[in-house]
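>>> structural data only, the sequence is not supplied:
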């Protein structure tokens, strides 16, 4: 992709007899969860909501700066679904987005239980 864009920019600039410079700054790095933390969190989640409600998502190209935290310490980034089949059917950033408020209780319970389990299994 970078080579193709560079070639296009150079061709257009040459056609207009100008100079062009193309940069690809790295804004954020990919989020790569720590495997042991993923396994540990999966057990907590499955215990709270059951294994049928826990699923691994494919890698995403979404932008997220959590990678900077993971440079400093092991950890994981996870998402709690906030949709349902009746009224919360639109994706985030859609004008008709509506959150299933039951997900707030589930998400809070997951994060709290993970913290308790982590402290009990990995004391400082």
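Alright, I've got the coordinates. Predicted model only: the values in this text are computed from it and were never measured.

>>> now the lowest-mean-pLDDT helix or strand in the chain: buried residues?
Using mean pLDDT, DSSP states H and E, helix 67-72 stands out as the lowest-scoring helix or strand of the chain, at a mean of 91. For helix 67-72, a neighbour-count test (16 or more other C-beta atoms under 10 Å) marks residue 70 as buried. For every residue, glycine as well, the C-beta is placed using N, CA and C.

>>> other residues contacting that helix?
Applying C-beta atoms under 8 Å, 6 or more residues apart in numbering, the contact partners of helix 67-72 are 28-34, 75, 77.

>>> let's see it at 7 Å
28-32, 75 (C-beta atoms under 7 Å, 6 or more residues apart in numbering).

>>> name the helices or strands packed onto the longest helix along the chain?
Identified as the longest helix of the chain according to DSSP state H is helix 102-121. If you count contacts as 3 or more C-beta pairs under 7 Å, 6 or more residues apart in numbering; DSSP states H and E, helix 102-121 packs onto helix 35-49.

>>> what packs against the helix it packs on?
helix 102-121.

>>> the helix it packs on relative to helix 35-49, how many degrees between them?
Relative orientation of helix 102-121 versus helix 35-49 (axes from the mean of the first three to the mean of the last three C-alpha atoms, to 10 degrees): 120 degrees.

>>> what mean pLDDT does helix 102-121 get?
Helix 102-121 shows a mean pLDDT of 93.

>>> farthest residue from the center of the chain?
Farthest-out residue of the chain from its mean C-alpha position, per C-alpha atoms, centre = their mean: residue 17, at 42.9 Å.

>>> list the contacts of it.
Counting by C-beta under 7 Å, 6+ apart, residue 17 has no contacts.
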